[in-house]
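>>> Fold the following, please.
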Amino acid sequence: MVWIRHGDVILRKLNKTKIKGCVKHDLVLAEGEVTGHSHRLTRSVIECVDGGQRLVQVLEPTELVHEEHDSLVILEGVYEVLVQREVDLLGEVRQVMD
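Here you go, the predicted structure:
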């Protein structure tokens, strides 16, 4: 199994070959609420939500970019998009903020 971590975003490669969904270009995977920076895929991908899982199908090698991280090349395939979570001092679970 392939896991790709890029800051607070994790992509887990699945054993699927394709998904049904909307084609998007420059897809934002996570936005920073403090900095306004975002983790995004730079080429056309297919995105869908299936049973609570956020999935993307990378159609051709694409860059995963963010203003504060080195870019990564993501190869063709279907990936589940996971965003790191944290527990605050009151026990509330929330998405990690940039």
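>>> the strands in the protein, which residues?
3-6, 9-13, 22-24, 27-31, 38-41, 45-50, 53-58, 62-66, 69-74, 77-83, 85-87, 93-95 (DSSP state E).
>>> Give me the residues contacting the second one.
Outside of strand 9-13, the residues that reach it under the criterion Cβ atoms under 8 Å, 6 or more residues apart in numbering are 1-4, 29-30, 39, 56, 64, 74, 77-84. (C-beta placed from N, C-alpha, C; glycine too.)
>>> Strand 77-83 and that strand, what's the angle between them?
Angle between the axes of strand 9-13 and strand 77-83 is 150 degrees (criterion: axes from the mean of the first three to the mean of the last three Cα atoms, to 10 degrees).
>>> Mind listing what's buried along stretch 53-68?
55-58, 62, 64-66 (16 or more other Cβ atoms under 10 Å).
>>> Actually, stretch 38-56.
Buried, per 16+ other Cβ under 10 Å, within stretch 38-56: 38-41, 45-47, 55-56.
>>> how long is it end to end?
16 Å (Cα to Cα, to the nearest Å).
>>> I'd like the distance from that stretch to the chain centre, please.
Relative to the chain's own centre, stretch 38-56 is displaced by 6 Å; criterion: Cα atoms, centre = their mean, to the nearest Å.
>>> can you start the count at 423 instead of 1 from here on
Okay, residue one is now 423; in that scheme the one you just asked about reads as stretch 460-478.
>>> residue ranges with poor pLDDT in the protein?
455-458, 507-520 (pLDDT under 70).
>>> Fine by me, we can end here.
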